[in-house]
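1. fold the following, please.
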Amino acid sequence: MTAGDDLILTVLGSQFDPLNKELQLSPGCIAVNIDYNNDYVGTRCRKLVEAGLLEKEGQYYSISEKGRAYLAGELDASELEDE
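-> Next up, the predicted model:
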């Protein structure tokens, strides 16, 4: 896990959707909000999908239950597959 991974998960785990749906963002939208470049965010999002922390639908990513558990401190980074 990288510092960028934590930021990606934090953005996607944010609860500001008025319809109470999972937030879905493209790598470009995430990148703008965390000051990382689009290519880096896209690469890290794919890795986070492989680790089960994000889900992908089309070009959009959302946080998974496993990702929420990680943010809540219920899952340690050492329990995830090495990159």
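
2. pLDDT weak spots in this protein?
-> 16-18, 81-83 (pLDDT under 70).

3. do a quick rundown of the strands in it.
-> For the chain, the strands defined by DSSP state E cover 54-57, 60-63.

4. ok, which of those comes nearest Cys45?
-> With CB to CB as the measure, strand 60-63 is the member of those nearest Cys45 (5.0 Å). Heads up, the C-betas are built off the backbone N, CA and C, glycines and all.

5. now what about the closest one, what contacts it?
-> Under the contact criterion CB atoms under 8 Å, 6 or more residues apart in numbering, strand 60-63 has outside partners 9, 12-13, 22-27, 30, 45, 48-49, 53-55, 71.

6. and with 10 Å instead?
-> 8-14, 21-27, 29-30, 41-42, 45-46, 48-49, 53-56, 67, 70-71 (CB atoms under 10 Å, 6 or more residues apart in numbering).

7. and if you look at stretch 19-30?
-> For stretch 19-30, contacts defined as CB under 10 Å, 6+ apart pick out 4, 7-8, 11-17, 31-33, 36-46, 55-64, 68.

8. kindly check the end-to-end length of it for me.
-> End-to-end span of stretch 19-30 (CA to CA, to the nearest Å): 20 Å.

9. what residues sit buried inside that stretch?
-> Glu22, Leu23, Gln24, Leu25, Ser26, Pro27, Ile30 (16 or more other CB atoms under 10 Å).

10. then stretch 70-82?
-> So, applying 16+ other CB under 10 Å, buried residues of stretch 70-82: Tyr70, Leu75, Leu80.

11. correct me if wrong: the last one contacts Tyr70.
-> Yes. Using CB atoms under 10 Å, Leu80 is in contact with Tyr70, at 7.8 Å.
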